[in-house]
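**Student:** Provided below for reference: sequence and predicted model.
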Amino acid sequence: MSTDMYPQSTKEIAERRRALAPHSLNAFHEFSLQVFAEGTLSTKVKQLIAVAVAHTTKCPYCIRGHATAALEVGASCEEVMEAIWVAAEMRAGAAYAHSTVAVDAMQEFGKTQR
C-alpha cells in the first residue's frame, strides 16, 4: 500500500489510538467480534459482504483487511472478486439512480426558461 496518501498502520499509531480512547476502542473491537461471528450468515459470507462494502466506501485499510479475512475463513479469490463486482454494480447503479436528480433539475430549468 502506498505511503503517499495512506500511511501504514504502525504499532505506535495503534498504541496512540488506544491511549486516546481506550473504552471506545474496546467497545468497537467487541462489536466487531460480534458482527463477524457465525450466525444466520456464515463468517465467510459476512466477510464477503464487508469486502463489497469496503469497496463502496473506498477504505483501503478495510479493503485489505476484509479481503484477507475473507480468504482466511475460506473464501476463494474468485468469491472475493465477485463480491467486488457486486460493489462495482452498486456504485454504478447509485450513479444511475441519482441521475433522477439531474433530470428533475433539467426539467425544472426548462420550465423556467420558457
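**Tutor:** Arrived safely, thanks for sending.

**Student:** count of residues packed around the closest residue to A54 other than its chain neighbours?
**Tutor:** In space, and not counting its chain neighbours, A54 is closest to C62: 3.6 Å by C-beta to C-beta, 6 or more residues apart in numbering. Any C-beta I mention is one placed from the backbone N, CA and C, and that applies to glycine too. Residues near C62, counting by other C-beta atoms under 10 Å, number 15.

**Student:** how much space is there between C62 and D4?
**Tutor:** 19 Å (C-beta to C-beta, to the nearest Å).

**Student:** just A50 next, same as before
**Tutor:** Taken as C-beta to C-beta, the span from A50 to D4 is 25 Å.

**Student:** okay, those two: which has more neighbours?
**Tutor:** A50 (20 against 6).

**Student:** Walk me through the domains of the chain.
**Tutor:** 1-35, 40-112 (automatic domain parsing).

**Student:** Give me whichever of the ones you listed is most buried.
**Tutor:** Comparing the domains of the chain by mean neighbour count (mean count of other C-beta atoms under 10 Å), domain 40-112 comes out on top with a mean of 14.

**Student:** what about it, start to end distance?
**Tutor:** 54 Å (C-alpha to C-alpha, to the nearest Å).

**Student:** any idea of the mean pLDDT in that domain?
**Tutor:** What domain 40-112 shows for mean pLDDT is 96.

**Student:** Going by length in residues, pull out the top helix of the protein.
**Tutor:** helix 77-112 (DSSP state H).

**Student:** for it, the distance to its chain's centre please.
**Tutor:** 17 Å (C-alpha atoms, centre = their mean, to the nearest Å).

**Student:** Show me what it is packed against.
**Tutor:** helix 43-57, helix 60-72 (3 or more C-beta pairs under 8 Å, 6 or more residues apart in numbering; DSSP states H and E).

**Student:** Any chance of JSON lines for the ones you listed, columns distance to K111?
**Tutor:** Putting those into JSON lines (distance: least, C-beta to C-beta, whole Å) gives the following:
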{"stretch": "helix 43-57", "distance to K111": "35"}
{"stretch": "helix 60-72", "distance to K111": "44"}
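
**Student:** Quick check: which of these is nearest to Q113?
**Tutor:** helix 43-57 (36.7 Å; C-beta to C-beta).
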